[in-house]
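Undergrad: This is the structure alone, sequence omitted:
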C-alpha cells in the first residue's frame, strides 16, 4: 500500500514540531541560565549558549539558602495538598454519582474545569 503525500498532514506535523520546540525552550533556558552569571543572562540580546559557571552557581545556592529545608517544606506542602484534593474530590465524586439534584451537570462541569486548571 502506497502512502500518499498530503500537504495538510505536513502542515499539522510542522506545527506540532514547532509547538514542541516552543514547549521545550523554557527547559533549555533553565540550563542556560544555570550555567551563566547573573550579568550574563541579563544582557540584551540574550546569550543562548550554556556557560561554564554551573558548579559555582550550585555552590552559591547551597551557601545562600537552606536548600534542603526549602525542599522538605515543598514536599510537605505538596503531600498535604495532594491528600486533601484526593479526599475532597473523592467525596464530590461519590456525591455526584449517587444523588440527583438540580444543576448537577453544571456543578460537575465546574468541578472538572477547576481540576483541569489546578
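TA: Noted; the coordinates are in hand. Given the structure is predicted, the values throughout are model-derived calculations rather than measurements.
Undergrad: Does the helix or strand of the chain with the lowest mean pLDDT pack against any helices or strands, and if so which?
TA: None of the helices or strands of the chain scores lower by mean pLDDT, DSSP states H and E than helix 38-41, at a mean of 78. Helices and strands touching helix 38-41, by 3 or more Cβ pairs under 8 Å, 6 or more residues apart in numbering; DSSP states H and E: there are none. Every C-beta, even on glycine, is put in place using the N, C-alpha and C of the backbone.
Undergrad: report the longest helix in the chain, please.
TA: If you go by DSSP state H, the chain has its longest helix at helix 67-98.
Undergrad: List the contacts of the helix or strand just after that helix.
TA: Going down the chain from helix 67-98, the next helix or strand is helix 104-117, by DSSP states H and E. Residues from elsewhere that reach helix 104-117, judged by Cβ atoms under 8 Å, 6 or more residues apart in numbering: 89, 92, 96.
Undergrad: go on, stretch 51-59?
TA: Contacts for stretch 51-59 (Cβ under 8 Å, 6+ apart): 32, 34-37, 40.
Undergrad: 7 Å instead?
TA: Here stretch 51-59 makes contact (Cβ atoms under 7 Å, 6 or more residues apart in numbering) with 34-37, 40.
Undergrad: relative orientation of the longest helix of the chain and helix 104-117 in degrees?
TA: 160 degrees (axes from the mean of the first three to the mean of the last three Cα atoms, to 10 degrees).
Undergrad: Show me what helix 67-98 is packed up against.
TA: helix 104-117 (3 or more Cβ pairs under 7 Å, 6 or more residues apart in numbering; DSSP states H and E).
Undergrad: Quick one: mean pLDDT over the helix it packs on.
TA: For helix 104-117, the mean pLDDT works out to 87.
Undergrad: Would you format the contacts of helix 104-117 as a markdown table with distance to residue 75 and neighbour count included?
TA: Below are those laid out as a markdown table (distance: Cβ to Cβ, whole Å; neighbours: other Cβ atoms under 10 Å):
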| residue | distance to residue 75 | neighbour count |
| --- | --- | --- |
| 89 | 21 | 13 |
| 92 | 26 | 14 |
| 96 | 31 | 16 |
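Undergrad: what's the closest of those residues to residue 27?
TA: Closest approach between the contacts of helix 104-117 and residue 27, by Cβ to Cβ: residue 89, at 29.8 Å.
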